[in-house]
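Visitor: what's the 3D shape of this:
(chains A and B)
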Number of protein chains: 2
Amino acid sequence: MSKLRVHNLAVSLDGFGTGEGQSLEAPFGHAGGRLMEWFFPTRTFVSMSGHEGEAIGAGTIGIDDDFASRWGDGIGAEIMGRNKFGPQRGPWEDHEWEGWWGPEPPFHSPVVVLTHHERPDLALGETTFFFRSLPPAEALAFASELAGGQDVRLGGGPTVVREFLEADLVDHLHIVVVPILLGRGERIWDGLEALEERFDVDVTASPSGVVHYVLERKAR
Amino acid sequence: MSKLRVHNLAVSLDGFGTGEGQSLEAPFGHAGGRLMEWFFPTRTFVSMSGHEGEAIGAGTIGIDDDFASRWGDGIGAEIMGRNKFGPQRGPWEDHEWEGWWGPEPPFHSPVVVLTHHERPDLALGETTFFFRSLPPAEALAFASELAGGQDVRLGGGPTVVREFLEADLVDHLHIVVVPILLGRGERIWDGLEALEERFDVDVTASPSGVVHYVLERKAR
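Guide: Okay, the predicted model is just below:
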């Protein structure tokens, strides 16, 4: 049975998964890069970014990379919200904007982009984006089919993750709590009272100051 | 120079320092005892409760007790909100209610209770409660005088701690993040954007599943 997994979702200590004011220049709004500073030095990110061997070296190993590296194993497809694809709102007016990632996005799998606005499928390198207006359970069914028996990653942003948690569709939730207070933005935890009762919770602090929470669904 | 310190303030993963619906039977509202389950087994709490040697033993040592035990060292007075003293609202109609703690409260020092409603000072064992209507800076000045050169502990609840943080009066903040989602209650972090920039932050995960954050003010 394929699982729905969330990996590397960074949240501020006050519970915001992204800041306010997302734009082309600021994918995380006023949070800037602060939610992902633990991630950028890791071997996983360095390898994903294609910059190994330059001044940056191969990237760090250790607790943060250990968690970060799990994002791809056994994943056959991703689901993401449209705000993770890009900062446009409303109808897709600019089809030349093809996401944050350039000609070879790091997903290397089908990606279902949840949007109420139609847009043709988009193949970029080994990644194909399917733009669909689907409620969570149907989006998961569609992505599971695309994944061909492998797991599906729920890629964010925070609003989408919260919707799938509310619908009780998430099997594995890796949250990284960053010791900063954003004060405003998109909250991840609202409306999820007592969520932890459905999960086994594992907590690991990293020397970088972030804390990795892994919530694994208890057997039904 | 005496410092203002917060110790053992437990907060849910979604940022609530107490649940909704505080009452005589439920000091933490719908949170019940869940925010303090990490604390109850510790040697510090067991010793404070006067139950050593009964079935419960002497209490645990380890990470949680190591943090918990720091609450009293060098403290000469406490400041608390009236909701920490008791669940009454409005004028003090019931003077026979003398707080949650019985004839020998665990503070053993002067305690300033912040309230807009007059009530005579109350001496119980080694603790004297002073009921005062004072803004944060004046409350701190009064408590510092009572502390006679020692530090002042800010005892909570969450609303009072947030007010003193907003007024930039807190020197040492020990927060214990408990991996539960309360969903409602009193938020600790609202209105404190970028607070961490004024503090050095130390993060320690405990095998009990809670995470201890110690924020120590940077030199001014």
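
Visitor: now the residue nearest in space to the middle of chain A: how far from chain B?
Guide: A centroid search over chain A (C-alpha atoms, centre = their mean) returns A:Gly155, at 2.9 Å, as the residue closest to the centre. Separation of A:Gly155 from chain B (C-beta to the nearest C-beta, to the nearest Å): 21 Å. Any C-beta I mention is one placed from the backbone N, CA and C, and that applies to glycine too.

Visitor: Now do the helices for chain A: every range, in order, please.
Guide: For chain A, the helices defined by DSSP state H cover A:43-49, A:63-68, A:82-85, A:136-147, A:158-166.

Visitor: Relative to A:Val6, which of those is closest?
Guide: The closest of these to A:Val6 is helix A:158-166. By C-beta to C-beta, the value is 5.7 Å.

Visitor: Within range of chain B, give me the residues from chain A.
Guide: By the rule C-beta under 8 Å from any C-beta of the partner chain, the part of chain A lying against chain B is A:13-15, A:177, A:179-184, A:189-196, A:201, A:203-205, A:209-211, A:213.

Visitor: now these: which count as buried?
Guide: Buried members of these, counted by 16 or more other C-beta atoms under 10 Å in any protein chain shown: A:13-15, A:177, A:179-183, A:189-190, A:192-193, A:195-196, A:201, A:203, A:205, A:209-211, A:213.

Visitor: For burial, what's the neighbour tally of the residue nearest to A:Leu173 when sequence neighbours are not counted?
Guide: Excluding the flanking residues, the one nearest A:Leu173 by C-beta to C-beta, 6 or more residues apart in numbering or on different chains is A:Leu215, at 4.2 Å. Residues contacting A:Leu215 under the criterion other C-beta atoms under 10 Å in any protein chain shown number 23.

Visitor: Now for chain A, the helix or strand with the poorest mean pLDDT.
Guide: Ranked by mean pLDDT, DSSP states H and E, the weakest helix or strand in chain A is helix A:43-49, scoring a mean of 89.

Visitor: now the longest strand anywhere in chain A, how far from the centre of its chain.
Guide: Ordering each strand of chain A by length in residues (DSSP state E) puts strand A:4-12 first. Offset of strand A:4-12 from its chain centre (C-alpha atoms, centre = their mean, to the nearest Å): 6 Å.

Visitor: who are the neighbours in contact with A:Gly29?
Guide: A:Gly29 makes contact with A:18-23, A:185, according to C-beta atoms under 8 Å, 6 or more residues apart in numbering or on different chains.

Visitor: Let's see that with 6 Å instead.
Guide: Going by C-beta atoms under 6 Å, 6 or more residues apart in numbering or on different chains, A:Gly29 touches A:18-22, A:185.

Visitor: So which of these wins on neighbours?
Guide: Neighbour-wise, the contacts of A:Gly29 (other C-beta under 10 Å) top out at A:Thr18, 27 neighbours.

Visitor: For chain A, which segments count as strands?
Guide: Using DSSP E, strands in chain A cover A:4-12, A:16-18, A:75-81, A:110-114, A:122-124, A:127-132, A:151-154, A:172-178, A:186-187, A:199-205, A:211-217.

Visitor: Select, out of those strands, the one closest to A:Glu96.
Guide: strand A:122-124 (11.0 Å).

Visitor: Check the strands of chain A for me and report the most buried one.
Guide: Of all those, strand A:16-18 has the most neighbours on average by mean count of other C-beta atoms under 10 Å in any protein chain shown, namely a mean of 27.

Visitor: And for that strand, what's in contact with it?
Guide: A:11, A:28-29, A:157-158, A:182, A:185-188.

Visitor: so which of the residues you listed comes closest to A:Gly81?
Guide: Distance to A:Gly81, by C-beta to C-beta, is smallest for A:Gly157 among those, at 5.1 Å.

Visitor: Can you list the low-confidence ranges for chain A?
Guide: Where chain A drops to pLDDT under 70, the residues are A:51-55.

Visitor: ok, the contacts of strand A:16-18 vs A:Leu35, which is closest?
Guide: Using C-beta to C-beta, A:Phe28 comes nearest to A:Leu35 of those, at 5.7 Å.

Visitor: list the contacts for the closest residue to A:Val160 other than its chain neighbours?
Guide: Distances taken as C-beta to C-beta, 6+ apart put A:Gly81 closest to A:Val160, at 3.7 Å, once the chain neighbours are dropped. By C-beta under 6 Å, 6+ apart, A:Gly81 lies in contact with A:114, A:157, A:160.

Visitor: With A:Thr44 instead?
Guide: Applying C-beta under 6 Å, 6+ apart to A:Thr44 gives the contacts A:65, A:68-69.

Visitor: Just among these, which is most surrounded?
Guide: For the contacts of A:Thr44, the largest neighbour count, defined by other C-beta under 10 Å, is 24 neighbours, found at A:Ala68.

Visitor: what's the spacing between that one and B:Gly183?
Guide: Taking C-beta to C-beta, to the nearest Å as the criterion, A:Ala68 is separated from B:Gly183 by 29 Å.

Visitor: Spit out the contact partners of A:Trp92.
Guide: Residues counted as contacts of A:Trp92 (C-beta under 6 Å, 6+ apart) are A:117, A:119.
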